[in-house]
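> Need a 3D model of the sequence below.
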Amino acid sequence: MRPALLWMDARSAKQVKEIMEAAEGDDALKVNCDGEGPISAEWMVGKSAWLKEDMGEKIWNEDVEAVCEYQDYINYRLTGRLVASSLNASVRWHWDGEKCLEVPTEDNPYPGRPLSLYAKIGIPELVEKLPHTVIPPAGIIGDGLSKKAAEELGLRPGLIVAQGGPDAFIGMIGLGCIEPGQMCLITGSSHLHCVVANEPQTAPGVWGAYRGAPIPGRCFAEGGQSSTGSILRWARKLFTCGDDDAISYKTLDEEAAAIPPGSEGLIALETFQGSRTPVTDPLARGGLAGLTLKHSRAHIWRALMESVCLGTRASIDALSAAGHSCDEIVLAGSPLWLQMHADATGRPVVVCENSDAPLLGCAVLASVACGVHRDVATAVGEMVRTARRVEPNGEMVDKYTEVYSVYRKLSSSLRGVSSAISELRGGGSSFGSQQEFGVSDSADDGDVIISPSLLASDWSNIKGEIQRCMEAKAKWIHVDVFDGVFLNSPLAFTFGPQMVQAMRRCSDDIILDVHMCVVDPRRFVGEGMISI
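Numbers count the residues shown, from 1 in each chain. The predicted model follows:
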């Protein structure tokens with residue numbers, strides 16, 4: 001029917017706000033901070049509402065037979081069976097991940113589905129369009145690889161095809177994080193905090209808990225930080241003037257290790273790209289408070305690292321208040337990074353032998369589907385191994401408790417300031433005129449071209465962010481497109497061709513300055529990006 005929507009596609013920002021208003025109090029929304037929201041524009045219900053509005057009632061109702069995840073479609077091509085993953089359904093579809101696995105009956109044809117939510121937001125037909133059959137992770141799909149798929153792939157017909165789920169949450173399995181009280185941090189440019197529990201309790205400042213996830217019989221809740229590894233990359237770039245060979249992360253860590261906890265009175269906020277939890281605020285911004293002439297780059301580097309660890313503690317506190325306490329944290333990183341997380345949170349940090357958690361998680365599920373192991377818990381016990389354990393230092397824990405108190409006060413105090421700064425950023429005249437900036441409509445006359453990067457924007461409202469750039473008299477907008485092959489790094493922010501084309505439709509007046517870091521540029525040009 002149309003190109004697939006990327007997971008990060010946030011064009012449904014308007015729809016999810018409308019959903020929160022129309023379905024206020026619906027039980028299905030309890031997983032969104034106990035019903036207080038927000039709903040992520042990346043989730044299925046928002047995307048479906050956007051698709052219906054974008055395609056029009058007639059096409060949506062008459063021509064669209066099925067709505068599914070890309071993973072469901074791939075499994076369909078492999079097996080000829082359209083099935084959903086209970087993990088996807090529980091974590092991103094507002095379904096009950098346990099009940100949706102029940103066999104439909106005449107009295108209950110749609111077990112675990114949020115029928116009242118769909119009715120309140122005007123898409124009751126969505127329950128019919130989403131896959132009717134649900135299979136848990138490690139479950140076998142249909143009769144395995146179809147004859148047609150086997151011929152195309154050069155494989156044996158009937159080869160087992162095992163159900164999976166979202167990469168981050170399959171990563172939980174690959175980290176061995178499947179027992180109550182365990183927490184893992186999925187890290188990169190941002191932090192995702194996932195804690196396993198027995199009961200689906202929820203509270204403000206917490207997403208989840210999701211029933212039947214990451215595996216049946218368990219629940220997990222999540223918190224998150226929008227900018228963690230990305231702010232360290234940003235600082236290193238500033239310190240090195242963009243020269244990647246000028247100074248290593250190891251050197252910066254060694255310098256910071258010589259600075260005492262609290263960075264001698266320098267406190268940072270890691271919310272450069274907004275705040276996810278425990279306070280959801282897309283307008284929140286980062287900061288450094290307490291700067292003096294004594295402070296060096298080592299102080300700044302340590303303060304930024306500490307801000308990430310203290311933000312993790314804030315999220316853990318919110319999860320604990322909701323009844324989801326954790327005894328240990330599974331994490332990867334440098335020695336200073338690991339010790340700082342242990343000391344700031346007061347919890348042991350476990351480092352796994354295999355750092356590619358999603359890949360190992362897939363292997364775990366495959367081993368169960370093939371009968372190598374009896375169940376996921378057994379497979380995890382056999383396949384996921386601990387490399388080492390970092391214990392918190394009692395003296396440092398006490399010190400960080402003091403620093404944490406100041407961090408929380410700073411975060412709360414700056415919330416109103418961040419909102420005011422956001423207004424300032426969006427006020428066209430506040431930025432000076434086009435002539436004052438030296439902005440030119442053309443790159444041929446030697447003048448400076450101001451090209452704001454959308455990577456630093458609020459991804460949940462890209463259209464609004466483009467409008468803000470235009471109001472500030474910007475004529476060019478910078479966009480990066482990576483294919484994950486030429487530059488294979490989890491720290492590489494990227495937009496896909498569909499998102500770029502959607503940006504193009506926001507305005508005919510703006511020039512999109514697209515930088516492609518890809519193996520085959522012709523592939524992307526062929527998808528229509530040449531038209532931008």
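> helices and strands of the chain: which one bottoms out on pLDDT?
Across the helices and strands of the chain, mean pLDDT, DSSP states H and E gives its lowest value to helix 434-437, namely a mean of 34.
> which element follows that one toward the C-terminus?
Next along the chain after helix 434-437, taking DSSP states H and E as the criterion, comes helix 462-471.
> Buried residues of that following helix, list them for me.
By 16 or more other C-beta atoms under 10 Å, the buried positions in helix 462-471 come out as 462-463, 465-466, 468-470. Using the backbone N, CA and C atoms, a C-beta is placed for each residue, glycine as well.
> Can you check what angle separates the very next helix or strand once past that helix from helix 462-471?
Downstream of helix 462-471, the next assigned helix or strand under DSSP H and E is strand 476-482. With axes from the mean of the first three to the mean of the last three C-alpha atoms, to 10 degrees as the basis, strand 476-482 and helix 462-471 are set at 140 degrees to each other.
> list the helices and strands the next helix or strand after strand 476-482 packs on?
Counting by DSSP H and E, the element after strand 476-482 in chain order, helix or strand, is helix 497-506. Applying 3 or more C-beta pairs under 8 Å, 6 or more residues apart in numbering; DSSP states H and E, we find helix 497-506 packed against helix 462-471, strand 476-482, strand 511-517.
> Export the second one to PDB, keeping only CA atoms.
The C-alpha trace of strand 476-482 is given here as PDB (Å, rounded to 0.1, in the frame of the first residue of the first chain):
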ATOM      1  CA  TRP A 476      18.600  25.600   4.900                       C
ATOM      2  CA  ILE A 477      18.100  22.600   7.200                       C
ATOM      3  CA  HIS A 478      20.800  20.000   7.800                       C
ATOM      4  CA  VAL A 479      19.700  16.300   7.600                       C
ATOM      5  CA  ASP A 480      22.000  13.200   8.000                       C
ATOM      6  CA  VAL A 481      21.200   9.900   6.400                       C
ATOM      7  CA  PHE A 482      23.300   6.800   7.300                       C
END
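> Return the list of helices and strands in contact with it.
Counting by 3+ C-beta pairs under 8 Å, 6+ apart, strand 476-482 packs on helix 497-506, strand 511-517.
> Measure how far the first one is from the centre of its chain, please.
The chain centroid and the centroid of helix 497-506 are separated by 21 Å, computed with C-alpha atoms, centre = their mean, to the nearest Å.
> Repeat that for stretch 181-195.
In terms of C-alpha atoms, centre = their mean, the centre of stretch 181-195 is found 10 Å from the chain centre.
> how long is it end to end?
End-to-end distance for stretch 181-195: 7 Å, by C-alpha to C-alpha, to the nearest Å.
> pLDDT of that stretch, averaged?
What stretch 181-195 shows for mean pLDDT is 88.
> quick one on the thing from earlier: closest one to R233 among the helices and strands packed on helix 497-506?
strand 476-482 (13.7 Å; C-beta to C-beta).
> any idea of the mean pLDDT for the closest one?
Mean predicted lDDT for strand 476-482 stands at 80.
> Now that strand: buried residues?
Buried-residue list, strand 476-482, by 16+ other C-beta under 10 Å: 476-482.
> quick one: which two of those are the most distant?
W476 and F482 (19.8 Å).
> The top helix by length along the chain: which residues count as buried?
Counting by DSSP state H, the longest helix found in the chain is helix 297-321. Neighbour counts over helix 297-321 (16+ other C-beta under 10 Å) mark 298-319 as buried.
> So for it, mean pLDDT?
Helix 297-321 shows an average pLDDT of 95 in the prediction.
> give me the element L5 is part of.
Short version: L5 belongs to no helix or strand, going by DSSP H and E.
> In space, what's closest to it - neighbours in sequence excluded?
Closest residue to L5 apart from its sequence neighbours, by C-beta to C-beta, 6 or more residues apart in numbering: K47 at 5.7 Å.
> what separates the one you found from S40, distance-wise?
10 Å (C-beta to C-beta, to the nearest Å).
> For those two, indicate the residue with more neighbours.
Applying other C-beta atoms under 10 Å to K47 and S40 shows that K47 carries more neighbours, namely 22 against 19.
> Out of the helices and strands packed on strand 476-482, which gets nearest to P261?
strand 511-517 (38.2 Å).
> so how far is that closest one from its chain's centroid?
Chain-centre distance of strand 511-517: 23 Å, with C-alpha atoms, centre = their mean.
> Which elements pack onto that strand?
Packed next to strand 511-517, using 3+ C-beta pairs under 8 Å, 6+ apart, are strand 476-482, helix 497-506.
> Can you give the strand pairings for that strand, parallel or anti for each?
strand 476-482 (parallel) (DSSP bridges).
> The strand it pairs with: how far from the chain's middle?
The chain centre lies 20 Å from the centre of strand 476-482; the measure is C-alpha atoms, centre = their mean.
> and that strand with helix 497-506, angle?
Using the same axes, to 10 degrees: strand 476-482 against helix 497-506 is 170 degrees.
> Which of the helices and strands packed on strand 476-482 has the lowest mean pLDDT?
Mean pLDDT is lowest for helix 497-506 among the helices and strands packed on strand 476-482, at a mean of 74.
> give me the element G223 is part of.
strand 219-225.
> picking that back up, so for the helix or strand following the longest helix of the chain, what's the average pLDDT?
In the C-terminal direction, the helix or strand that comes right after helix 297-321 (DSSP H and E) is strand 328-330. Strand 328-330 shows a mean pLDDT of 93.
> Show me where the stretch 251-400 of the chain has its helices.
297-321, 335-345, 357-369, 376-383, 394-413 (DSSP state H, counting those that start in this stretch).
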